[in-house]
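In: Got a sequence here, can you model it:
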Amino acid sequence: MRLAWSMMALCLWLGSPAMAEALRFDYLERQVTQPPVLSNMSALPEDLGLAGARLGLEDIATTGRFTGIDYWLEVTQVPPEAEFLPAARALLETGARVLIVNAPAADLLALADLPEAQDALIFNIAAPERDLRAEECRANMLHTVPSTAMRADALAQFALWKRWTDVALIAGSYPEDVEFADALRASVLKFGFEIKGEKTWAFDANMRRAASAEVPLFTQDLPDHDLLLVADERGDFARYIAYNTWEPRPLAGSEGVQPRGWSGVVEQHGAAQLQNRFRDLSGREMRATDYAGWAAIAALGEAATRSGAREAEGLRGYLLSGEFRLAGFLGTPLSFRAWNGQMRQPIPLVTERAVVALAPLEGFLHQNSELDTLGFDAPESPCTAFGETR
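Out: Residues are numbered from 1 along each chain as shown. Got it, this is the predicted structure:
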């Protein structure tokens, strides 16, 4: 009986908020008004990203009760019509030093460059632009969302693995379409083949009824190809490309086989448990931005537990060290690249109903980590903000 009471007292002491160390995280979101597209079928969830961060907090709070850490999450959402930097400054002035940020690249860079943010740790969970991991990298910013280069490399590996090396490309004209199309061109060159022909989708959003009728003529003059790539990151027109092309060909990119940071169809390696917990919390499927939000919080909890660090500088140092590993339900432990702050992760190649493959694929080797065959490897990285660490 005395032993039972002693164990109960120990558990109460470990779980007591009064005895716990406090560790604050801030979720900062720049809300964006989406432009009109051909279809309104796929509206973005209002809690995109935030739902993943909240699930991550639930996960690490369980461990925190036994390790004496009281985690909490402050949420700040900046409306489209409001200014982003004043809100960010206000958070920093109240002591925010670990920020999980869902914002466009321009806002991220402006935040990272604030004098008040130089000792902060910023997690980018939504902006995939390659420049943020290259010439425009910042030492105080880590990335849990895969870059467009990682996603494009995963797709190029898949095409080469299938021996579909004659490819054509249709790209939209939005900036994110141009970004993804550029990444696809770079990836097919990196893996030793080329895009045989390209077309730009430049129709406006008023041709909803005519889109599917236009596609056969639009694709008629493409050269012979094994695989048709499409860059339509807003989900504007690609749904009308499938099954409407002049020549019957498989489709990949923003439609068909899609390289994503996460998807609701990922189930192996314990992912089904994560998916179920997310559905219970949010009532919907987990998306890539949600996963990036979850991964940021989960990584911070792992770093705090393993390293004992409580400040941004110590957490950052451990996350970038060779010791950090995170079980991310993708079959391979996740870590961060010391040369640009990008989280290494496998990339699921998915359709609406299933995982087709998981990149890096078998046969794509690397001297250190096969995950570094996706995106900027150390020798090719133009990022200098992280020093000479390779």
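
In: where along the stretch 1-150 of the chain do the helices fall?
Out: For the stretch 1-150 of the chain, the helices defined by DSSP state H, counting those that start in this stretch cover 2-15, 50-67, 84-93, 105-112, 148-161.

In: end to end, how far does stretch 334-341 reach?
Out: End-to-end distance of stretch 334-341 (Cα to Cα, to the nearest Å): 12 Å.

In: what does stretch 229-236 rub up against?
Out: With Cβ atoms under 8 Å, 6 or more residues apart in numbering as the test, stretch 229-236 has contacts from 34-35, 37-39, 42, 155, 167-172, 174, 176-181, 184, 195, 201, 205, 238, 241, 251-256. Where C-beta positions appear, they are placed from N, C-alpha and C, glycine not excepted.

In: what's the most buried one of the helices of the stretch 1-150 of the chain?
Out: helix 148-161 (a mean of 26; mean count of other Cβ atoms under 10 Å).

In: Show me what the next helix-or-strand element following that helix is packed against.
Out: For helix 148-161, the following helix or strand on the C-terminal side (DSSP states H and E) is strand 166-171. Here strand 166-171 touches helix 175-190, strand 194-200, strand 227-231, going by 3 or more Cβ pairs under 8 Å, 6 or more residues apart in numbering; DSSP states H and E.

In: ok and strand 166-171 relative to helix 175-190, angle-wise?
Out: 160 degrees (axes from the mean of the first three to the mean of the last three Cα atoms, to 10 degrees).

In: average pLDDT for strand 166-171?
Out: Mean pLDDT, computed over strand 166-171, is 97.

In: Report the distance from it to the chain centre.
Out: Mean-position distance between strand 166-171 and its chain equals 24 Å (Cα atoms, centre = their mean, to the nearest Å).

In: how about that strand as PDB, C-alpha atoms only?
Out: Output in PDB follows, covering the C-alpha atoms of strand 166-171 (Å, rounded to 0.1, in the frame of the first residue of the first chain):
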ATOM      1  CA  ASP A 166       9.500  10.500 -72.900                       C
ATOM      2  CA  VAL A 167       7.500  13.100 -71.100                       C
ATOM      3  CA  ALA A 168       5.400  16.100 -72.000                       C
ATOM      4  CA  LEU A 169       4.300  19.000 -69.800                       C
ATOM      5  CA  ILE A 170       1.300  21.200 -69.500                       C
ATOM      6  CA  ALA A 171       1.700  24.100 -67.000                       C
END
